[in-house]
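# Please work out how this folds:
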Amino acid sequence: MSESAKFCDRCGAAAGAAAGEVDKPSFRDQSAEGKVTPIEAAAAVRKTITVLFCDLAGSTGFGEAVDAEAAREAIGRYHSMVQATVDAHDGVVTKFIGDGVMAVFGIPEVGEDDADRAVATGLALQAGFDPIGRHIHDRYGFDVGLRVGINTGEVVIDEQDADIVGDALNTAARLEAACSPGRVLVGVDTWRLTRSTVKYEVLGEVSVRGRAGPVETFQVIEETPREDDAAAPFVSRDVELAELRAVYDRAVAERQAQIATVIGAPGVGKTRIAGQLALACGEALHVDLRCERSGSATFAPVIELLRVTCGVDSDQGPADALAAIGRIVGDSEVDRDRLIDLLGSFVGATSARSTEEAFFAVRRLLEILGASRPVLLVVDDIQWAEPLFLDLLEHLAEWVSDAPVLIVALARPEIRELRASLTERGRRISVVLSLEGLDARATQELAARLLGAESLPAELTALLPESTAGNPLFVRELVRMLVDDGVVVRTEDGWQMTVDAEAVEVPPTIQSLLAARVERMPPADRHFVELASVVGSEFPRGAVGAIIEPGDPSEIEATIERLRRRDVIEPTGSYWGDEPIFRFHHVLIRDAAYRRILKRSRVDLHVRVGEWTEHTAAELVGEYEATIAFHYEQAHQCRTELGLLDDETDAIGARAAALLQTAATRALERDDLSAAGSLAPSTTTFLFTCRTPPQGMTAMETMTTMIM
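Numbers count the residues shown, from 1 in each chain. Purely as a prediction, here's the structure:
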């Protein structure tokens, strides 16, 4: 760390403060029976956050030339502005030191829009500082500018969010130092996450102080509207769309309210199919409402409904708001004045009323709107809604009469736990659609249409299903990343890949969305998912039960059932002995959960799972050496990455190599050369990296055996 640095290169602490130290590893003893000792949740996790640093250029000369009280007043205004701006964008100011400020987006909870909010904060900070800078110039004759650097990356953070350690902080601080006053400079991962909503000037690689190599930098120009989902092709949802259209037709024919609930993981196409329904029902009054994750008033969607249908504006006075509502209610309403008064209470034009009166007012509004034409009301993200608003949706389905109204409620799988009655077809709910990922053919069609191509490179065709699970958003983000990064290029012969498909990484936009989903799970569910992720994309229930902290077995069953209802895991129908085997609904969810676990913890967990697997496999018929070796291999890799090059690391590696050699030998005995060849590289890698090769085995002998 340089003498002039305001923040520590490692952890972002104020200069002079002690950087957080990594705890030494601690392994629990195993019981005499050969079983593993259960473990508790880790106190620290790995997560990807976005860090913003800002400070003032020219403040040293200003502070030297003016009275301390004047400097304090100006810096105080600046600090207050920064705090208010970060708070307004749901960030957290973690450090003030002089005129330097560090803010973080992603604590206490990671969100898929962390980077977007950080960049929006950077622009808002520049706008907020402008009058402060002009005040300093006009009164004192000094030019003081604000510099903002933003970077996204993986850090280690404890459960109290007290200490954050990671190179992402250092890079953000260096970007701020390299930034021109009045500008916002971001790193490559922040750029990747926000390039669909922000216009950038690519500055290229620059050398920054304290970094061994150059850093890619991007200067923010302006925010731009997010790309509309409707711009992407709509494929392979004809059956679901027809089912929704049938419910709409029923609402029109019976002049009775209907609710259709559409459930699916983020990005699977819930909003898109609702948009296609609106196009198909062109004669309807179509209103889109949304429940916000960040929290808002219980009836915020109703306020939006009044804005869209009645023209009520937030800056209108009470009289104007009531007049706007009155024009929609009309003069023929029997209880006109009362209804206007009740609807006005939602926008603060009149005093608040009881729940029953509020429900009545919304119901009558929809009936009035439906008197002249059908109403299609789409309510997105109802899993974020307050319970009282969900009560309102059920009330409308039950009591709206003599009006063709279809309410389409869009939700993530969590809604099954939050309000089961909205996810079960019955008296109130006309249809429940559970959207899954597209099949392989539709996935390829979507990618080809995104590229404007008749066909795709064979490598990309093979990559898509595994990397996206047919999620349309994931397909779009992957294709966009591959094109932007020059991995897929257009040639005279069509689109071609320029690198091996195995080298393609998951786009950070997808990673952030799935990380946010894991983060929002209840702690017990998240802990179970993290442990299961160590076992693999498929896991026996007993493998997780053996390493989780002791508790009532029924709690594990309850956790599994909750995760099934949330579409996180699902049964495979197969067994490990007497233990049912489950799999992650999406392998990328497994990856997101696994990335949270500290590497020191991964070592312990993989060893324990390997031992459990070896112990239980002894009672089964079959060959499981490769499965067991996988966990020792992962433990060896983590210890190596942590710099733990000792006898224990060698022993773990040797155990993995021995198991892999046994698996390869058995594959050769049954003439399965493909399986044997796939095991050879891992075996020889261990033998080359271990300081002391296992007795009786050498890298050359093993390699020769593997390629026979």
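
# Can you point out the buried residues in the helix or strand hosting residue 615?
Using DSSP states H and E, residue 615 maps to helix 599-617. For helix 599-617, the neighbour count (16 or more other CB atoms under 10 Å) marks 599-614, 616-617 as buried. C-beta coordinates here come from the backbone N, C-alpha and C atoms, glycine included.

# Next secondary structure element downstream of that helix?
helix 625-641.

# list the helices and strands that following helix packs on?
Judged by 3 or more CB pairs under 8 Å, 6 or more residues apart in numbering; DSSP states H and E, the packing partners of helix 625-641 are helix 599-617, helix 647-669, helix 673-689.

# In stretch 103-110, which residues are buried?
103-107, 110.

# Let me see the mean pLDDT of that stretch.
Taken as a whole, stretch 103-110 carries a mean pLDDT of 91.

# can you check stretch 340-354 too?
92.

# contacts for that stretch?
Contacts with stretch 340-354, where a contact means CB atoms under 8 Å, 6 or more residues apart in numbering, come from 299, 302-303, 306, 310, 312, 314, 318-319, 321-322, 325-326, 329, 357-358, 360-362, 365.

# Off-centre distance for that stretch?
Offset of stretch 340-354 from its chain centre (CA atoms, centre = their mean, to the nearest Å): 37 Å.

# what does stretch 164-175 give?
21 Å.

# If we go by neighbour counts, what in it is buried?
164-166, 168-175.

# With stretch 567-579 instead?
Buried-residue list, stretch 567-579, by 16+ other CB under 10 Å: 567-569, 576, 579.

# returning to what we had before: now intersect the buried residues of stretch 164-175 with the strands, please.
164-165 (DSSP state E).

# With just CA atoms, put the helix holding residue 615 into PDB.
This file holds the C-alpha atoms of helix 599-617, laid out as PDB (Å, rounded to 0.1, in the frame of the first residue of the first chain):
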ATOM      1  CA  LYS A 599     -12.200 -22.500   0.200                       C
ATOM      2  CA  ARG A 600     -10.900 -23.600   3.600                       C
ATOM      3  CA  SER A 601     -14.400 -24.800   4.300                       C
ATOM      4  CA  ARG A 602     -14.600 -26.500   0.900                       C
ATOM      5  CA  VAL A 603     -11.500 -28.500   1.800                       C
ATOM      6  CA  ASP A 604     -13.100 -29.800   5.000                       C
ATOM      7  CA  LEU A 605     -16.400 -30.500   3.400                       C
ATOM      8  CA  HIS A 606     -15.100 -32.300   0.300                       C
ATOM      9  CA  VAL A 607     -12.900 -34.500   2.500                       C
ATOM     10  CA  ARG A 608     -15.900 -35.300   4.700                       C
ATOM     11  CA  VAL A 609     -18.200 -36.000   1.800                       C
ATOM     12  CA  GLY A 610     -15.500 -38.200   0.200                       C
ATOM     13  CA  GLU A 611     -15.200 -40.200   3.500                       C
ATOM     14  CA  TRP A 612     -19.000 -40.600   3.800                       C
ATOM     15  CA  THR A 613     -19.200 -41.700   0.200                       C
ATOM     16  CA  GLU A 614     -16.300 -44.200   0.600                       C
ATOM     17  CA  HIS A 615     -17.900 -45.500   3.800                       C
ATOM     18  CA  THR A 616     -21.400 -46.000   2.400                       C
ATOM     19  CA  ALA A 617     -20.200 -47.200  -1.100                       C
END
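
# Could you pull up the mean pLDDT of that helix?
On average, helix 599-617 scores 93.

# could you say what helices and strands that helix packs with?
Partner elements for helix 599-617 (3+ CB pairs under 8 Å, 6+ apart): helix 523-535, helix 541-547, helix 625-641.

# nearest to residue 482, of these?
With CB to CB as the criterion, residue 482 lies closest to helix 523-535 of the helices and strands packed on helix 599-617, at 26.1 Å.

# can you list contacts of the closest one?
So helix 523-535 is in contact with 41, 518-519, 521, 539, 543-544, 547-548, 555-556, 559-560, 562-563, 566, 568-569, 582, 584, 589-591, 593-594, 596-597, 602, 605-606, 609, 631, going by CB under 8 Å, 6+ apart.

# Buried members of these into ChimeraX, please.
Remark: buried members of these, expressed as a ChimeraX selection using 16+ other CB under 10 Å:
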select :41,518,519,521,539,543,544,547,548,556,559,560,562,563,566,568,569,582,584,589,590,591,593,594,596,597,602,605,606,609,631
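
# Go through the chain and flag its longest helix.
Taking DSSP state H as the criterion, the chain has its longest helix at helix 114-140.

# Okay, buried residues for that helix please.
For helix 114-140, a neighbour-count test (16+ other CB under 10 Å) marks 114-126, 128-129, 132-133, 136, 140 as buried.

# State the number of residues packed around the residue nearest to residue 449 when sequence neighbours are not counted.
Of all residues not flanking residue 449 in the chain, residue 233 sits nearest, at 4.1 Å (CB to CB, 6 or more residues apart in numbering). Neighbour count of residue 233, defined by other CB atoms under 10 Å: 16.

# Residue 314 too?
Neighbours of residue 314 (other CB under 10 Å): 9.

# Could you look up the SS state of it?
Three-state assignment for residue 314 (DSSP: H, G, I helix; E, B strand; the rest coil): coil.

# Dig out what residue 582 forms beta bridges with.
residue 539, residue 571 (DSSP bridges).

# and the longest helix of the chain, what other elements does it pack with?
strand 44-57, helix 59-65, helix 68-88, strand 100-105, strand 145-158, strand 184-186, helix 188-194, strand 215-223.

# winner for burial among the ones you listed?
Highest mean neighbour count of the helices and strands packed on helix 114-140: strand 184-186, a mean of 31 (counted as mean count of other CB atoms under 10 Å).
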